[in-house]
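K.L.:
missing the sequence, but the structure's below:
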């Protein structure tokens, strides 16, 4: 997996983007084109993926102060399930469990580039000078490398192995090449990019013609319209800069994001090649996803995530591999509502590992589609926003926040948004409360509240 990868930043659906590795995985497996994350930010999303639970079940709602300690876990992690089943477990790269210092949570071999874990080998410990050089190069990009300079980016002067993701790739490939363990393998590879900053190593920008890069058209608004996420996530900083940015800067920013995507794709490809040479892919399932998307300036100068609009909440998801059932091979496309919490039950079912307790996700390889997909946002004090989405329609409800999901009722609704995604792909035309969609809005509201009360 990677971090902050727009659902449409894939070569198979966007000719502007170069992703030969991901395109190849999709061509040999199944691409899930309606997948969403369970919370559009790193910490709650990654906890949901690894535990197979919704934020209302993990208790992890936000990046700020989010997370659970090792002595209060809501269930088994994905790695722990496989370790207990006799697999060797090896994890490389970002997990972002949250505010607590954690152990490796089921990983026997563990390499981290940024966030320390007890029992893990870190970039800071193994290659402190490389880490120092990287920190020095990115110090002007601000917290999380996502101020406006972080988004505009620049061509890195550092070699790949001085970058955190490059260092992780090197450790992963060296581990694979030296591996002699006869047990089956659970292998986790997770990158920090294409999340800003956009300081991609040399060579990847050269694959793009910046003059031919298109960037988001803005709505004809005088101010931001986002009832469920107004005022969050440095709105003024981004808006005040990008409103006046040149066309050249918009193209450079967008191109460098795509170049980051291509770099990550290339490192994934090299890692898969190493696994293949060792014979590890002869009987394997390969799943790719991202923790959330990236607005990249869409919908009135909105950047990164922290909202329930399409480019933030949707994620690219691909299931591939030699052990995939034949009916899911050969470039299939699945249009059903899909969620990142479906990954864990899918892998456990395929590996014939019993669940510790019933998980809310669905096996991606069973033909049992849900009615709609669900995501949550808990960024504004005293409020919670929830999404109920199909391929055609999206409902977003803002409710008075409750401590338990079962407590939400229709009386808690503060406001809402409703979009016809088929005819309004940019989500510029809010239909909430409109007569023409009254019936379907009522149906979606009932289903969303019922889903909350079932958690």
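P.N.:
Structure received. Being a predicted model, the structure only gives us computed values, none of them experimental.

K.L.:
how does this structure divide into domains?
P.N.:
Per automatic domain parsing, the structural domains of the chain span 20-370, 381-455.

K.L.:
Which helix runs longest in this protein?
P.N.:
In terms of residue count, the longest helix belonging to the chain (DSSP state H) is helix 247-277.

K.L.:
Tell me which residues are up against the helix or strand just after that one.
P.N.:
Where DSSP states H and E defines the elements, the next helix or strand beyond helix 247-277 is strand 286-288. By CB atoms under 8 Å, 6 or more residues apart in numbering, the list of residues contacting strand 286-288 from outside reads 1, 22, 25, 29, 268, 272, 316-321, 343, 346-347. From N, CA and C alone the C-beta is placed, and that goes for glycine too.

K.L.:
same thing but at 7 Å, please
P.N.:
1, 22, 25, 317-321, 343 (CB atoms under 7 Å, 6 or more residues apart in numbering).

K.L.:
cool, stretch 437-450 as well?
P.N.:
Under CB under 7 Å, 6+ apart, the answer for stretch 437-450 is 371-372, 386, 388, 393, 395, 397, 408-410, 418, 431-432.

K.L.:
Do a quick rundown of the helices in the stretch 1-150 of the chain.
P.N.:
20-28, 42-51, 55-58, 78-84, 123-126, 128-137, 148-152 (DSSP state H, counting those that start in this stretch).

K.L.:
got those helices as a markdown table, with mean pLDDT and mean neighbour count columns?
P.N.:
A markdown table is the format used below for the helices of the stretch 1-150 of the chain (pLDDT from 0 to 100; neighbours: other CB atoms under 10 Å):
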| stretch | mean pLDDT | mean neighbour count |
| --- | --- | --- |
| helix 20-28 | 98 | 20 |
| helix 42-51 | 98 | 27 |
| helix 55-58 | 98 | 24 |
| helix 78-84 | 98 | 21 |
| helix 123-126 | 97 | 15 |
| helix 128-137 | 98 | 15 |
| helix 148-152 | 98 | 21 |
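
K.L.:
To residue 264, which of those lies closest?
P.N.:
Among those, helix 20-28 comes nearest to residue 264, with 8.9 Å by CB to CB.

K.L.:
Also compute the angle for the closest one relative to helix 247-277, please.
P.N.:
Here the directions of helix 20-28 and helix 247-277 differ by 60 degrees (axes from the mean of the first three to the mean of the last three CA atoms, to 10 degrees).

K.L.:
Just name whatever secondary elements helix 20-28 is in contact with.
P.N.:
helix 247-277, strand 286-288, strand 317-320 (3 or more CB pairs under 7 Å, 6 or more residues apart in numbering; DSSP states H and E).

K.L.:
Which strand or helix spans the residue lying closest to residue 410 once chain neighbours are set aside?
P.N.:
Spatial nearest neighbour of residue 410, excluding adjacent residues (CB to CB, 6 or more residues apart in numbering): residue 449 at 6.3 Å. Using DSSP H and E, residue 449 sits in helix 438-453.

K.L.:
quick revisit: please report how far the residue nearest to residue 410 lies from residue 409.
P.N.:
Per CB to CB, to the nearest Å, residue 449 is found 7 Å from residue 409.

K.L.:
more neighbours, these two?
P.N.:
residue 449 (20 against 13; other CB atoms under 10 Å).

K.L.:
follow-up on the earlier one: need the winner for burial among the domains of the chain.
P.N.:
Among the domains of the chain, domain 20-370 has the highest mean neighbour count (mean count of other CB atoms under 10 Å), at a mean of 19.

K.L.:
Now do the end-to-end distance for it.
P.N.:
Domain 20-370 has an end-to-end distance of 31 Å (criterion: CA to CA, to the nearest Å).

K.L.:
Please verify my assumption that residue 373 contacts residue 386.
P.N.:
No - with contacts counted by CB atoms under 7 Å, residue 373 stays clear of residue 386, the gap being 11.3 Å.

K.L.:
just how off-centre is the lowest-mean-pLDDT helix or strand in the chain within its chain?
P.N.:
None of the helices or strands of the chain scores lower by mean pLDDT, DSSP states H and E than helix 235-242, at a mean of 94. The chain centre lies 24 Å from the centre of helix 235-242; the measure is CA atoms, centre = their mean, to the nearest Å.

K.L.:
same check, this time on stretch 122-142
P.N.:
So, by CA atoms, centre = their mean, the centroid of stretch 122-142 is 24 Å from its chain's centroid.

K.L.:
likewise stretch 410-417?
P.N.:
On CA atoms, centre = their mean, the centre of stretch 410-417 falls 27 Å from the chain's centre.

K.L.:
change the start of the numbering to 35 and stick with it
P.N.:
Fine by me, first position is 35 from now on; the one you just mentioned is stretch 444-451.

K.L.:
Next, the residues that contact that stretch from outside, please.
P.N.:
So stretch 444-451 is contacted by 261-262, 417, 429-434, 436, 464, 466, 483 (CB under 7 Å, 6+ apart).

K.L.:
Which of those fall in helices?
P.N.:
Per DSSP H, those map to helices at residue 483.

K.L.:
Go through the contacts of stretch 444-451 and name the one nearest residue 52.
P.N.:
residue 430 (33.1 Å).

K.L.:
so that closest one touches residue 260, yeah?
P.N.:
No - judged on CB under 7 Å, residue 430 makes no contact with residue 260 at a distance of 9.5 Å.

K.L.:
From residue 455, how far off is the closest residue in space to residue 124 that isn't next to it in sequence?
P.N.:
Distance criterion CB to CB, 6+ apart; nearest residue to residue 124, sequence neighbours excluded, is residue 143 at 4.0 Å. Residue 143 sits 42 Å away from residue 455, taking CB to CB as the criterion.

K.L.:
repeat for residue 434
P.N.:
Applying CB to CB to residue 434 and residue 455 gives a distance of 27 Å.

K.L.:
what does residue 416 give?
P.N.:
For residue 416, the distance to residue 455 - CB to CB - is 29 Å.

K.L.:
How about residue 279?
P.N.:
Distance from residue 279 to residue 455, by CB to CB: 28 Å.

K.L.:
Give the residue spans of the stretch 285-434 of the chain that score low on pLDDT.
P.N.:
Scanning the stretch 285-434 of the chain for pLDDT under 70 picks out nothing.

K.L.:
Next, name the residue at the spatial heart of this structure.
P.N.:
The centroid of the chain falls nearest to residue 325 when counting by CA atoms, centre = their mean (1.7 Å).

K.L.:
Contacts for stretch 291-305 next, please.
P.N.:
Residues contacting stretch 291-305 (CB under 7 Å, 6+ apart): 36, 39, 43, 50-56, 199, 203, 206-207, 223, 225, 227-228, 232, 234-235, 238-239, 241-242, 330.

K.L.:
in the stretch 285-434 of the chain, which spans are strands?
P.N.:
320-322, 351-354, 366-368, 372-373, 407-411, 417-423, 427-434 (DSSP state E, counting those that start in this stretch).

K.L.:
could you dump the ones you listed to TSV with distance to residue 290?
P.N.:
Below are the strands of the stretch 285-434 of the chain laid out as TSV (distance: least, CB to CB, whole Å):
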stretch	distance to residue 290
strand 320-322	22
strand 351-354	24
strand 366-368	29
strand 372-373	29
strand 407-411	27
strand 417-423	29
strand 427-434	30
